[in-house]
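J.: with the sequence up front, the predicted model follows.
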Amino acid sequence: MHSVYLFATLDTKGPEADYVRRVLQSCGIAVTVVDVGALGDAAVAADVSRERIFELAGGALDEVRRKADRGEAVTLAAAGAAALARSAYAAGELSGVLGLGGSAGTTIATSAMKVLPLGVPKVMLSTLASGTVRQFVGDKDIFMLNAVVDILGLNRISREVLSQAARAMAGLVTFPRPEGAADDRPLVAATMFGVTTPSVERARAVLESQGFEVLVFHATGNGGQAMESLISEGVIAGVLDLTTTELADEHVGGFLSAGPARLTAAALAGVPQVVSTGAVDMVNFYAPSSVPEKFAGRRFYRHNANVTLMRTTAAENAAIGADIAKKLGKASGPVSVLLPARGVSAIDREGQPFDDPAARRALHDAIKAGLPADRVVELDLHINDPEFAEAAASRLIEFMRRSQPSG
């Protein structure tokens with residue numbers, strides 16, 4: 001029988017977890033309570049013991065308790081929770097994950113949620129839900145519900161919010177997901193930034209006219225991570241990665257990095273991809289006061305009151321280009337890099353504030369030096385020229401049609 005897995009530290013959240021269990025059961029939902037506590041005694045019975053969680057993480061609960069190291073306990077519990085969720089889902093036993101907690105409980109429960117595919121219900125009732133939650137949500141479809149009061153005791157506020165979490169999960173697992181349309185088309189993942197929007201919009205129109213469905217990811221760190229995850233899950237037929245700006249933030253130290261694994265999933269999976277250097281001319285910061293002192297004297301552009309852009313240098317561009325070439329050089333599927341000689345963003349073209357032919361040349365030369373000549377095409381166009389977008393879309397369509405099984 002499918003069951004909602006309820007993750008909580010039963011030494012500190014026992015009565016609250018039991019309340020949520022009872023609400024779920026009153027809705028006709030089967031519940032598996034998982035104890036991810038360590039240092040105190042459990043207040044209520046669990047269906048999956050903390051000993052089992054630490055065993056799955058390769059650790060011993062007795063040893064953790066002896067050390068009384070809270071940080072180690074949370075790290076191991078998070079690993080064990082993720083292992084349990086992964087195996088339960090693979091066995092067809094898990095229908096959703098609900099977590100309760102503060103910083104520790106949120107870290108542990110969302111670790112379990114993040115190993116599950118898109119569409120599996122995930123609800124996190126957290127005391128941290130009203131703040132910055134990217135580290136907990138990552139690139140997954142996790143509902144974060146603000147606890148309002150601390151999850152400590154049952155009172156008129158906590159009962160209302162705990163009940164909301166339970167009823168939200170009950171609805172998610174009870175009501176069926178809509179069936180996919182009969183004419184679902186192959187999915188293409190595309191990356192876009194404000195400064196590459198014209199190119200991606202034109203390319204999308206070309207792809208859609210040829211029978212493909214296009215998912216556009218905003219290249220703000222989380223967008224790139226989400227795209228990489230979906231590629232790894234096998235739902236993407238082709239990748240139009242025109243906007244690789246997140247690599248600039250990763251290399252230089254901006255705020256919108258997608259991590260070191262950016263630009264690797266399609267290569268590993270053999271998914272056809274067309275890649276360009278969109279917005280690699282910029283590193284992203286927030287208000288001017290957020291720019292680190294070490295960058296004083298660099299060339300900046302105020303995009304708006306909350307976004308400050310810094311022009312990448314020729315040396316930084318060379319390093320980014322080498323990274324692109326190294327990652328794409330491992331591709332097991334068809335790949336092509338299209339280089340726009342006249343500029344990589346709306347503000348990197350003649351007469352615009354980030355126009356820097358030497359920096360562009362360093363970026364593109366590094367890519368050409370690291371890849372076979374038949375994988376790189378340099379066009380005497382700007383990235384936002386319609387002709388560039390059409391060339392990129394056409395190349396990807398050619399790759400995908402060539403990759404489709406005959407008949």
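T.: Done, it's in. Predicted, not measured: the structure shown is a model, and the values here were computed from it. Numbering: from 1, shown residues only.

J.: quick one, domains of the protein?
T.: Domain ranges of the chain: 3-174, 187-403, per automatic domain parsing.

J.: how about the ones you listed in TSV, adding mean pLDDT and mean neighbour count?
T.: (C-beta placed from N, C-alpha, C; glycine too.) Shown next, in TSV, are the domains of the chain (pLDDT from 0 to 100; neighbours: other CB atoms under 10 Å):
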stretch	mean pLDDT	mean neighbour count
domain 3-174	93	19
domain 187-403	96	20
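
J.: wouldn't Ala112 be in contact with Ala85 here?
T.: Yes - counting by CB atoms under 8 Å, Ala85 is a contact partner of Ala112 at 3.8 Å.

J.: list residues touching both of those two?
T.: Common contact partners of Ala112 and Ala85 (CB atoms under 8 Å, 6 or more residues apart in numbering): Tyr5, Val97.

J.: and Phe285, what are its bridge partners?
T.: In this entry, Phe285 is beta-bridged to Thr308, by DSSP bridges.

J.: ok, it - contacts?
T.: Neighbour list for Phe285: Gly254, Phe255, Val291, Val307, Thr308, Leu309, Met310 [criterion: CB under 8 Å, 6+ apart].

J.: mind listing residues that contact the strand or helix carrying Val216?
T.: Using DSSP states H and E, Val216 falls within strand 213-218. By CB under 8 Å, 6+ apart, the list of residues contacting strand 213-218 from outside reads 184-193, 200, 204, 207-208, 223-224, 226-227, 230, 236, 240.

J.: so how far is that strand off the chain centroid?
T.: Mean-position distance between strand 213-218 and its chain equals 14 Å (CA atoms, centre = their mean, to the nearest Å).

J.: can you list the strands that it pairs with?
T.: Partners of strand 213-218 in its sheet, by DSSP bridges: strand 187-192 (parallel).

J.: next structured bit after the partner strand?
T.: Counting by DSSP H and E, the next helix or strand C-terminal to strand 187-192 is helix 197-209.

J.: export that next one as PDB, just CAs?
T.: The C-alpha trace of helix 197-209 is given here as PDB (Å, rounded to 0.1, in the frame of the first residue of the first chain):
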ATOM      1  CA  THR A 197      15.500  36.800 -24.600                       C
ATOM      2  CA  PRO A 198      15.100  37.700 -28.300                       C
ATOM      3  CA  SER A 199      17.300  34.800 -29.300                       C
ATOM      4  CA  VAL A 200      15.500  32.200 -27.200                       C
ATOM      5  CA  GLU A 201      12.100  33.400 -28.100                       C
ATOM      6  CA  ARG A 202      12.900  33.100 -31.800                       C
ATOM      7  CA  ALA A 203      14.500  29.700 -31.400                       C
ATOM      8  CA  ARG A 204      11.500  28.500 -29.400                       C
ATOM      9  CA  ALA A 205       9.100  29.500 -32.200                       C
ATOM     10  CA  VAL A 206      11.200  27.500 -34.700                       C
ATOM     11  CA  LEU A 207      11.300  24.400 -32.500                       C
ATOM     12  CA  GLU A 208       7.600  24.600 -31.700                       C
ATOM     13  CA  SER A 209       6.700  25.000 -35.400                       C
END
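
J.: and it, what other elements does it pack with?
T.: Here helix 197-209 touches strand 187-192, strand 213-218, strand 238-241, helix 386-403, going by 3 or more CB pairs under 8 Å, 6 or more residues apart in numbering; DSSP states H and E.
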